[in-house]
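[1] After the sequence you'll find the predicted model.
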Amino acid sequence: MKKIKFLLAALPIVLFVACNKQAAKNDTEEENERSIKISELPQVVKNGIETKFSGAILKEADEITKPNGDLTYDVEINFNSTVIEVMYDARGEYLGTEVDD
């Protein structure tokens, strides 16, 4: 009977430790970033850029694979004589902008 009580008491601790190890593993997984040609950008991303930044010149692009497999795209553009890095997801949804110094 004491063994059963001990096991029942220890089970939540074991589960907690196992979950924390998995969470730590997920936190250490990194994004995979690779440079791609502008021609390799999905058309939906190009369309999103043209819609939000009409007339922009696309200069460089990176494809980023998140640990969960989701893709995002960082694209350097020249817009109104300013170099800007724009971020889009694989559906062509705008995620944000970063102005280069």
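    Right, received. Where do you want to start?
[2] Pull the contacting residues for the residue nearest in space to the middle of the chain.
    Nearest residue to the geometric centre of the chain (CA atoms, centre = their mean): residue 66, 4.4 Å. By CB atoms under 8 Å, 6 or more residues apart in numbering, residue 66 lies in contact with 31, 72. All C-beta atoms are positioned from the backbone trio N, CA, C, and that covers glycine.
[3] what about the chain, any weak spots by pLDDT?
    Applying pLDDT under 70 to the chain flags the ranges 1-28, 100-101.
[4] related to what we said a few turns ago, how much space between the residue nearest to the centre of the chain and residue 30?
    Distance, residue 66 to residue 30, by CB to CB, to the nearest Å: 9 Å.
[5] From residue 90, how far out is the residue nearest to the centre of the chain?
    10 Å.
[6] overlap in contacts of these two?
    residue 72.
[7] can you map out the helices along the chain?
    2-28, 43-52 (DSSP state H).
[8] mind listing what's buried in the shortest one?
    Of the residues in helix 43-52, those buried under the neighbour-count criterion (16 or more other CB atoms under 10 Å) are 45, 46, 48, 49.
[9] And for stretch 53-72?
    Under 16+ other CB under 10 Å, the buried positions of stretch 53-72 are 53, 56, 58, 61, 63, 72.
[10] Stretch 68-86 now?
    72, 73, 74, 75, 76, 77, 79, 84, 85, 86.
[11] Wait, the fifth one touches residue 97, no?
    No - Residue 76 is beyond contact range of residue 97, at 11.1 Å (criterion: CB atoms under 8 Å).
[12] Tell me the one among the buried residues of helix 43-52 nearest to residue 39.
    Taking CB to CB as the measure, residue 39 lies nearest residue 46 of the buried residues of helix 43-52, at 9.6 Å.
[13] List the contacts of the nearest residue in space to the closest one that is not next to it in sequence.
    Computed as CB to CB, 6 or more residues apart in numbering, the closest residue to residue 46 that is not its neighbour in sequence is residue 58, at 7.3 Å. Contacts for residue 58 (CB under 8 Å, 6+ apart) come out as 38, 41, 46, 49, 75, 76, 77.
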